[in-house]
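> can't give you the sequence, but here's the structure:
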């Protein structure tokens, strides 16, 4: 690691604040000075890749008109900063609620084509979990409902991995034997992105076909419309209160009347919860747009 890159003057608080403001303006992530060493450590990886020898020079590179217009380097930076590690059956109670409460209610209200948005989908575990729940519901209830799942993330890298749909042991550890046998196929670790894993499963085509992956920035891009269910879990913890408020209102407008919003257990609607109906089921709270 080149010592001049980590010289105290190079990594000043003033420069960090510039990067922090830039990151928040472009992808909404709120970063404070306590994360300085972590963030600059990640930025350093881009500097090495580009053979840029100082943080100031990298900052100037980001502000270059060509870099801004191309935008690829900005996405590369966001790829490093955003947390991507997740796993299947994260908060399984949400998928139980989806199958036992939300889907039956929508179908009872004559909804035959259900559109679900998995926002901040990372490497695809969440939207594939949703697809499995949808398939289980259809099979168990002999339902003729159709559906589609829009899965979005800010990171191109995680979306590419999601499209491949191969997962190592640590990410499939909470899958039941029933789900792993029904919806996955065992594949050789050596032929996967995880050659050192003990076990790798690949999601089956009949699950994949329900999901469409696309890059989406919650801060800058237009929101989808006509959505019945939104999953956006463990995303808002990175945003400040004002940014959360803006996105929640946009989600509200994205949803059809009677549509549902699922958040992570540590997230809540705060000041915007009055426009949603908060529904408590067991130890979970989900949110519904009034009919």
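Thanks, I have it. Keep in mind that this is a model prediction, so the values were computed, not measured.
> When you work out contacts or count neighbours from here on, use the C-alpha atoms and nothing else.
Will do.
> Now residue 192: closest residue in space that isn't a chain neighbour?
Nearest residue to residue 192, sequence neighbours excluded (Cα to Cα, 6 or more residues apart in numbering): residue 166, at 6.9 Å.
> and what of residue 240?
Nearest to residue 240 is residue 30, by Cα to Cα, 6+ apart, at 6.1 Å.
> Number of residues surrounding the closest residue to residue 200 other than its chain neighbours?
If you skip the residues right next to it in sequence, residue 200 has residue 168 as its closest partner in space, 4.5 Å away by Cα to Cα, 6+ apart. Residue 168: 21 surrounding residues under other Cα atoms under 10 Å.
> Roughly how far does residue 168 sit from residue 254?
Noted for residue 168: a distance of 34 Å to residue 254, by Cα to Cα, to the nearest Å.
> what do you get for residue 289?
From residue 289 to residue 254 the distance is 10 Å (Cα to Cα).
> How many residues are close by residue 135?
21.
> can you pull the pLDDT of it?
Per-residue confidence for residue 135 comes out at a pLDDT of 95.
> Give the helix, strand or coil label for it.
On the three-state scheme (DSSP: H, G, I helix; E, B strand; the rest coil), residue 135 is labelled helix.
> hmm, back to that, need the contact list for the residue nearest to residue 200.
Counting by Cα atoms under 8 Å, 6 or more residues apart in numbering, residue 168 touches 189, 194, 197, 198, 199, 200, 201.
> Same question for residue 149.
115, 116, 117, 118, 127, 131, 210, 211, 212.
> what residues go with each domain of this structure?
3-81, 92-288 (automatic domain parsing).
> and those, which is most packed in?
Scoring the domains of the chain by mean neighbour count under mean count of other Cα atoms under 10 Å gives domain 92-288 as the most buried, with a mean of 17.
> Distance across that one, terminal residue to terminal residue?
19 Å.
> same thing with stretch 100-110?
Span of stretch 100-110 from end to end, Cα to Cα: 17 Å.
> One more: stretch 57-72?
By Cα to Cα, the extent of stretch 57-72 from end to end equals 17 Å.
> Give the rounded mean pLDDT of it.
80.
> The helix or strand encompassing residue 116 packs against which elements?
Under the criterion of DSSP states H and E, residue 116 resides in strand 113-119. Packing partners of strand 113-119 (3 or more Cα pairs under 8 Å, 6 or more residues apart in numbering; DSSP states H and E): strand 146-153, strand 227-232.
> picking that back up, now, among the contacts of residue 168, which is nearest to residue 182?
residue 201 (11.5 Å; Cα to Cα).
> My guess is the closest one contacts residue 181. True?
No. If you go by Cα atoms under 8 Å, residue 201 and residue 181 don't touch, sitting 9.7 Å apart.
> circling back to that earlier point, how much space separates the residue nearest to residue 192 from residue 102?
In this view, residue 166 and residue 102 are 29 Å apart by Cα to Cα.
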